[in-house]
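Peer 1: Sharing a model prediction with you, sequence too.
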Amino acid sequence: MFTTTPIPATASKTELYEEAARQMRGLLRGEHNPVANAANFSALVFHALPDISWCGFYFPDETGDGLVVGPFQGKPACVRLSHGKGVCGAAVTTRRTQVVPDVTTFPGHIYCDGAARSEIVVPLFRTDGSLVGVWDVDSYSVGRFDEDDRIGMEALCLQFIQTLAVPPRRQPAAS
């Protein structure tokens, strides 16, 4: 059974992400169900990192023309996002993490929660280059996310991506 360890409020961002990464390794170890891992990933980040109003995944939709919300923590979210639109679309298009200190200055920002003021979005790609989705995190504080958050979030997301690389164990056929 996995249990979280409280992260001291006095921890630096580096220490915070190192401890979150340690806990994430324990949480995801041995589990290869992407939905279960995405749900637990979201919950751990939401409760471990300060000043986050929403965090979650968007995965490619059934048409391949956009993204659809996956497991998340926070207020209800936009269900569907068009490819190339908003911060999530920019992350997919550029294949780079988007750190937006003030969403009011981001052209085409999509307001799922009008009170959100800053955002970080990490694009998620398999080793073959195919899109897994995006990891999206919002805050009500302007300037909440910086380079330390980019490095920390990308490291956490790599752990999630690695769980997708291991094929699930097959159950023996019933006799």
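Peer 2: Ah, there it is.
Peer 1: In stretch 152-170, which residues are buried?
Peer 2: Gly152, Met153, Glu154, Leu156, Cys157, Gln159, Phe160, Thr163 (16 or more other CB atoms under 10 Å). C-betas here are computed from N, CA, C, even on glycine.
Peer 1: Can you tell me what sits against it?
Peer 2: Contacts to stretch 152-170, defined as CB atoms under 8 Å, 6 or more residues apart in numbering, come from residues 13-14, 16-17, 20-21, 24-25, 28, 31-34, 37-38, 41, 45, 97, 120, 122, 124-127, 132, 135, 137.
Peer 1: Can you tell me which of the buried residues of stretch 152-170 is nearest Phe145?
Peer 2: Met153 (8.2 Å; CB to CB).
Peer 1: For my notes, confirm that closest one occurs in a helix.
Peer 2: Yes - assigned with DSSP: H, G, I helix; E, B strand; the rest coil, Met153 falls within a helix.
Peer 1: quick one: pLDDT of the spatially most central residue of the chain?
Peer 2: Geometric centre of the chain, nearest residue: Trp135, 2.6 Å, by CA atoms, centre = their mean. pLDDT recorded at Trp135 is 98.
Peer 1: Okay, and which of the contacts of stretch 152-170 map to helices?
Peer 2: Counting by DSSP state H, the part of those found in helices is 13-14, 16-17, 20-21, 24-25, 28, 34, 37-38, 41, 45.
Peer 1: Quick one, which of the residues you listed are buried?
Peer 2: Neighbour-count burial within these applies to Leu16, Tyr17, Ala20, Met24, Leu28, Pro34, Asn37, Ala38, Phe41, Val45; the criterion is 16+ other CB under 10 Å.
Peer 1: That'll do, ta.
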